[in-house]
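Asker: fold the stuff below for me.
(chains A and B)
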Amino acid sequence: MDLDSIGDWVRTHYSSHLSSELDGEAVTLFGWVQDVRDLGGIRFVILQDREGTIQITIPKKRVAPAVLAKTDALQKRFSVGVKGNVKKTNMTPRGIEIIPTAFKVFNEASEQLPIDITGKTPANIEVRLDARPLDLTQPSSLATFKIQHIALDAIRSFLFAKDFIEIHSPRIIASATEGGAELFCVDYFGQKAYLAQSPQLYKEELMLSFEKVFEVGPFFRAEESHTRRHLSEFTSIDIEQAFSNADDVMNLLEKVIHHACVVVKEKCVVELSNLDYTIEVPTLPFKRLTYTKVLDDLKTQGITIPWGEDIHTEAYRVLGDIYPFFYFITDWPTSTKAFYIKPRDDNPEVCEGFDLMWRYIELVSGGTRISDKNQLIHRLVEKNLNPDSFKCHLQAYDYGMPPHAGWAIGLERLTMILTGKKNIREVTLYPRDRVRLTP
RNA sequence: GCCCAGGUAGUAUAGUUCGGUCUAGUAUAUGCGGCUGUCGCCCGCAGGACCCGGGUCCGAAUCCCGGCCUGGGCGCCA
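Answerer: You can find the predicted model right below:
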């Protein structure tokens, strides 16, 4: 088939912007063939663009022969352009259709697509991910990532309005900084380096200068996790705020989450309906449960966890049934949290770290940070970390480190909550996990 | 790393219990033909599959062993 060039054609509308008010107007549309229904004397082409679909109606005896000829060989996913007139009609669900006056085919597509893009025969997740570029053209995939985009936009705007400065910390770092999670190794001009697991230390150092910072970006964990809520590469929304404690940043956090829910629910009506999902906007404030209270609750459900131990997955699932929405867990044993989380002044066994949970999923973790150098070194030693390898970081504590606190939201997990998707890979464009490195 | 389940056309599945009418069924997709208001269009025709290797048996999609791959759970995980 002869392919067309775009020439001087310029898009006038996305499919979703067409309405019966445009009846009779000439429009230029670009997109892809989603489906062709040929009834003999009349042909219907469903044109899809990123915003939705619109029907192109071709009554064979009444359109220009050139248009008819162009549409004779159309197949799914052909990239096309249409010039035509909007026509009001009661014969389509949208109440409008396009009668074409000119038609261009920019590119063809395989006859047999690896997944069914009309959604009649949904494919399994691994098949979808193998054909991810095509899978992402499906309306439900588009809706998922539109929701993620709107949520992130809402959060960014909220933080900007609160005077946070957006920063970019290094992804390539020199040492296994924090203990805990395994890091990926990279060869840095012959030197051993690592991919960052979080911006934690850098954003704390910036408390000396910028006071309120946030960062949105990818981080890496070389864990062997094999679950629906872990990735090797994930996106973190991190904030850090000077002259504050855990309570201050928890108050901010619940407003951020609430705002994201409200905005997505308001702006993504079509997308949520496409996903057949309803967002329940949470009421403020969120429940605040202490670690000790959680242990008591679990005991009534027959799960006994000795004080001081971490809460395991089975227990979280039970807890998620008791508290089915957002809730904080505070006052964790100091031993369960990272070295930089501040122990309480009145009881050092307990720290000012917190988690924000959604059902059984840990969505956010944060806390008041240690700002005293000696205490920080003391905690490093308690965690079996070598203070010498933190020399660069520790210098920041010689220049007037203010009291500060912060948190980190897992963007993919938040997107799961906002879309109802049960597998984190569905809400990640090109997920990286224990076994998947492509596409 | 441990445990469980599974691998059948492009996709999604039935069949595996208890080996034999399985020459492997269905839907959708694809190709060809037909149809002037479809919208999961419809109708007809066609092509298309038992993960790999070994074993048991007269006979294996089905049972056994090994491998590979996938999904799920646990653990790990600021």
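Asker: pull the number of nearby residues for residue A:206.
Answerer: Counted by other Cβ atoms under 10 Å, the residues lying close to residue A:206 total 21. Any C-beta I mention is one placed from the backbone N, CA and C, and that applies to glycine too.
Asker: contacting residues around it?
Answerer: By Cβ atoms under 8 Å, 6 or more residues apart in numbering, the contact list for residue A:206 reads A:167, A:213, A:240.
Asker: try 10 Å this time
Answerer: Taking Cβ atoms under 10 Å, 6 or more residues apart in numbering as the definition of contact, the neighbours of residue A:206 are A:165, A:167, A:169, A:199, A:212, A:213, A:215, A:240, A:242, A:396, A:404.
Asker: same list, the residues you listed, but only the ones touching RNA strand B.
Answerer: Intersecting the contacts of residue A:206 with the contacts of RNA strand B gives residue A:199 (criterion: Cβ under 7 Å from any atom of the strand).
Asker: which one among the contacts of residue A:206 gets closest to RNA strand B?
Answerer: residue A:199 (5.6 Å; Cβ to the nearest atom of the strand).
Asker: excluding residues flanking it in the chain, which one is nearest the closest one?
Answerer: Using Cβ to Cβ, 6 or more residues apart in numbering and skipping residues adjacent in sequence, the residue nearest residue A:199 is residue A:169, 4.1 Å away.
Asker: residues near the one you found, how many?
Answerer: Once other Cβ under 10 Å is used to define contacts, residue A:169 is seen to have 19 neighbours.
Asker: that one and residue A:340: what is the separation?
Answerer: With distances defined as Cβ to Cβ, to the nearest Å, the gap from residue A:169 to residue A:340 amounts to 15 Å.
Asker: again, but for residue A:161
Answerer: 28 Å.
Asker: how about residue A:439?
Answerer: With the distance defined as Cβ to Cβ, residue A:439 ends up 37 Å from residue A:340.
Asker: so which of those two has more stuff around it?
Answerer: With neighbours defined as other Cβ under 10 Å, residue A:439 and residue A:340 compare such that residue A:340 has more, 22 against 10.
Asker: does the more buried one touch residue A:353 like I think?
Answerer: Yes - in this structure residue A:340 lies within contact range of residue A:353 using Cβ atoms under 10 Å: 9.4 Å.
Asker: which neighbours do these two share?
Answerer: Taking Cβ under 10 Å, 6+ apart as the contact rule, the neighbours common to residue A:340 and residue A:353 are A:367, A:368, A:369.
Asker: how about the first one: what's its closest non-neighbour residue?
Answerer: Beyond its immediate neighbours in the sequence, the residue positioned closest to residue A:367 (Cβ to Cβ, 6+ apart) is residue A:353, lying 3.5 Å away.
Asker: got phi/psi on the one you found?
Answerer: Note on residue A:353: backbone dihedrals following degrees, to the nearest 10 are phi -90, psi 150.
Asker: ok, now which ones touch it?
Answerer: A:246, A:291, A:329-334, A:336-338, A:340-343, A:365-369, A:405, A:407.
Asker: after the helix or strand where residue A:160 lies, which helix or strand is next?
Answerer: With elements delineated by DSSP states H and E, residue A:160 resides in helix A:139-161, which encompasses its position. Tracing the chain C-terminally past helix A:139-161 and defining elements by DSSP H and E, one meets strand A:165-166 next.
Asker: where along the stretch 101-250 of chain A do the helices fall?
Answerer: Taking DSSP state H, counting those that start in this stretch as the test, the helices found in the stretch 101-250 of chain A are A:125-130, A:132-135, A:139-161, A:200-205, A:246-267.
Asker: show me what from the stretch 101-250 of chain A comes close to RNA strand B.
Answerer: Checking the stretch 101-250 of chain A against RNA strand B by Cβ under 7 Å from any atom of the strand, the hits are A:111-116, A:118, A:120-127, A:129, A:178-182, A:197-200, A:221, A:223-228, A:230, A:236, A:238.
Asker: try 6 Å this time
Answerer: Where the stretch 101-250 of chain A comes near RNA strand B, counting by Cβ under 6 Å from any atom of the strand, the residues are A:111-116, A:120-121, A:123-127, A:178, A:180-181, A:198-200, A:221, A:223-228, A:230, A:236, A:238.
Asker: now residue A:211: closest residue in space that isn't a chain neighbour?
Answerer: Closest residue in space to residue A:211, ignoring its immediate chain neighbours: residue A:242 at 4.2 Å, by Cβ to Cβ, 6+ apart.
Asker: what does the model give that neighbour for pLDDT?
Answerer: With respect to pLDDT, residue A:242 has a value of 97.
Asker: what does residue A:2 give?
Answerer: 85.
Asker: what's the burial count for it?
Answerer: When neighbours are defined as other Cβ under 10 Å, residue A:2 has 5 of them.
Asker: so it sits against residue A:105, correct?
Answerer: Yes - with contacts counted by Cβ under 10 Å, residue A:2 reaches residue A:105, the gap being 8.0 Å.
Asker: what residues are shared contacts of those two?
Answerer: residue A:70.
Asker: what sits closest to residue A:365 if chain neighbours are left out?
Answerer: With Cβ to Cβ, 6+ apart as the criterion, residue A:365 has its nearest non-adjacent residue at 4.9 Å, and that residue is residue A:355.
Asker: could you identify which of the contacts of residue A:206 has the most neighbours?
Answerer: Compared across the contacts of residue A:206, residue A:240 has the highest neighbour count, 29 neighbours, by other Cβ under 10 Å.
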